[in-house]
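Visitor: sequence? don't have it. structure:
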Ligand SMILES: NC(=O)c1ccc[n+]([C@@H]2O[C@H](COP(=O)([O-])OP(=O)(O)OC[C@H]3O[C@@H](n4cnc5c(N)ncnc54)[C@H](O)[C@@H]3O)[C@@H](O)[C@H]2O)c1
């Protein structure tokens, strides 16, 4: 059951009579409409009326409108204005550039800019590696998208993707001190994207690809990795894979199973699912059964693209065919990065004893976590209103911090696994249980631990 949350939070500015009962009438009306009041502020007071800012959480934009309509029907209430607090946060964008050097007088100017800067330019021209020492390159990452797979919303294009990329940049700075900048490209042509990233690369110490749809994202990442001398990381693939592997490591500790004995069903073989499968394979699990919208991926299935062909060749030892429900029978682990509401408690009951269910489709998981809990020993989702949230924020800031600090030119599976291990290890044995397999995204020890692990892996 979804609950009203801060993602749909409104502030209603309204006029009310100055009577003793007005506040009670307003709060009861919001409660009746299903909203949750989070603030009640009197912003003006007069003999004949008060002006109130009433802030409340709703379930959706439509629900917020219903709450406002309910308030408007109360006697003596005049709604002046409704502010969507999420939109307020985004007004004018969420990030900015600020200068690190003083620019108070001619002296400062002559060194930070011309004529002094010319000597620094010449030094870099002579020794290009100095760019990491003398420019923003050492701490700067491009967050590159074509807007083709924005969150779960689909192909919204580059301008509409910008609020997500700004948010990502803000998270990079907050959690790891990395200066990331959105680069939203007005093309969805694979060759143009590759060329554009190649052309801007001199400025950056790393490229974070974001919200680029599968299967194009595989080729774009692979080709950029070949061409560039800085690490290229598609967060929807590898950020997810790192956190899933970390969470699975701890979930297996909870149920006392070894991954080498586990049959793992991965539902969804797009950007996230393919990367999860590949990172899991580095740990030689008992078997992986991949399932997509057309059922179990097996070697004889017609119409497999090159990504699915390689997955089919390296998973599903018995070449099983069928649907998701068939794959689940006897599985120790379910990892879903696919679509909402695909199965129920009765299918979890067919899984092995002490089953682990990671239902990560957003915003609605493959199975209602409350149903999954009826038979599974450990349940995780992508949602913040349940325990065990699988969230890429646990990985990408620390990963890039480590890569930048190591002056890494590439990224390897060993670094991804080191990051996963570091996240898992933040949850020590005293705190580990079925409801706490991953640390909180606000645990400020996570990013430094991940950074250190990646830095070590990059320099060893
Ligand atoms: N919680 C997290 O950390 C996290 C991270 C990444 C992705 N996700 C979620 O995972 C989902 C997939 O993301 P993606 O970027 O890999 O998308 P994608 O479009 O690249 O891949 C989707 C995959 O799901 C499969 N699929 C779709 N409908 C299906 C069905 N009915 N039955 C079985 N398989 C089905 C498709 O065939 C495809 O293989 C999204 O809901 C996304 O929000 C969550």
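Guide: Perfect, thanks for sending it. Just so it is clear, the structure is predicted and the values come from calculations on it, not from any experiment. Numbers count the residues shown, from 1 in each chain.
Visitor: can you list the residues that contact whatever helix or strand residue 173 lives in?
Guide: Here residue 173 is covered by helix 158-176, with elements defined by DSSP states H and E. Applying Cβ atoms under 8 Å, 6 or more residues apart in numbering, the contact partners of helix 158-176 are 90, 93-95, 141, 143, 145-147, 150-151, 178-186, 208, 210-211, 235, 393, 396-398, 400-401, 444, 446-447, 451. All C-beta atoms are positioned from the backbone trio N, CA, C, and that covers glycine.
Visitor: if we use 6 Å, what do you get?
Guide: Identification of contacts with helix 158-176 by Cβ atoms under 6 Å, 6 or more residues apart in numbering yields 90, 93-95, 143, 145, 147, 150, 178, 180, 182, 184-186, 211, 393, 397-398, 401, 447.
Visitor: give me every residue that touches residue 94.
Guide: Residues near residue 94 by Cβ under 6 Å, 6+ apart: 166, 170.
Visitor: same thing but 7 Å
Guide: Contacts for residue 94 (Cβ atoms under 7 Å, 6 or more residues apart in numbering) come out as 166, 167, 170.
Visitor: follow-up on the earlier one: how far off centre is the helix holding residue 173?
Guide: Taking Cα atoms, centre = their mean, to the nearest Å, the mean C-alpha location of helix 158-176 is offset from the chain mean by 10 Å.
Visitor: quick check: residues of this structure near the ligand?
Guide: With Cβ under 6 Å from any ligand atom as the criterion, the chain meets the ligand at residues 152, 214, 236, 240, 267-273, 291-293, 324, 337-339, 342, 360-362, 382, 390-392.
Visitor: ok so, going back, buried set for the helix holding residue 173?
Guide: Residues of helix 158-176 classed as buried by neighbour count (16 or more other Cβ atoms under 10 Å): 158, 161-169, 171-172, 175-176.
Visitor: same list, those, but as a markdown table with pLDDT please.
Guide: Converted to a markdown table, those look like this (pLDDT from 0 to 100):
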| residue | pLDDT |
| --- | --- |
| 158 | 98 |
| 161 | 98 |
| 162 | 98 |
| 163 | 97 |
| 164 | 97 |
| 165 | 98 |
| 166 | 98 |
| 167 | 97 |
| 168 | 98 |
| 169 | 98 |
| 171 | 97 |
| 172 | 98 |
| 175 | 97 |
| 176 | 98 |
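Visitor: of all those, which comes closest to the ligand?
Guide: Of all the buried residues of helix 158-176, the ligand sits closest to residue 164, with 12.2 Å by Cβ to the nearest ligand atom.
Visitor: and the gap between that closest one and residue 60?
Guide: In this structure, residue 164 and residue 60 are 19 Å apart, going by Cβ to Cβ, to the nearest Å.
Visitor: what do you get for residue 361?
Guide: Residue 361 sits 18 Å away from residue 60, going by Cβ to Cβ.
Visitor: out of these two, which sits in the busier spot?
Guide: Legend: neighbour count by other Cβ atoms under 10 Å for residue 361 and residue 60, higher for residue 361 (21 against 12).
Visitor: looking at it, the more buried one is touching residue 335, isn't it?
Guide: No. In this structure residue 361 lies outside contact range of residue 335 using Cβ atoms under 7 Å: 10.8 Å.
Visitor: which parts of the protein belong to which domain?
Guide: Here the domain parsing of the chain from automatic domain parsing is 5-90, 137-230, 234-460.
Visitor: and the strands in the chain?
Guide: 5-16, 36-45, 50-58, 78-84, 140-145, 179-184, 206-209, 232-234, 263-267, 287-292, 295-296, 333-336, 355-359, 376-381 (DSSP state E).
Visitor: can you add mean neighbour count and mean pLDDT and give the ones you listed back as a markdown table?
Guide: Output for the strands of the chain, formatted as a markdown table (neighbours: other Cβ atoms under 10 Å; pLDDT from 0 to 100):
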| stretch | mean neighbour count | mean pLDDT |
| --- | --- | --- |
| strand 5-16 | 19 | 94 |
| strand 36-45 | 12 | 95 |
| strand 50-58 | 21 | 96 |
| strand 78-84 | 13 | 95 |
| strand 140-145 | 25 | 98 |
| strand 179-184 | 21 | 98 |
| strand 206-209 | 26 | 98 |
| strand 232-234 | 24 | 98 |
| strand 263-267 | 25 | 98 |
| strand 287-292 | 23 | 98 |
| strand 295-296 | 18 | 98 |
| strand 333-336 | 28 | 98 |
| strand 355-359 | 28 | 98 |
| strand 376-381 | 26 | 98 |
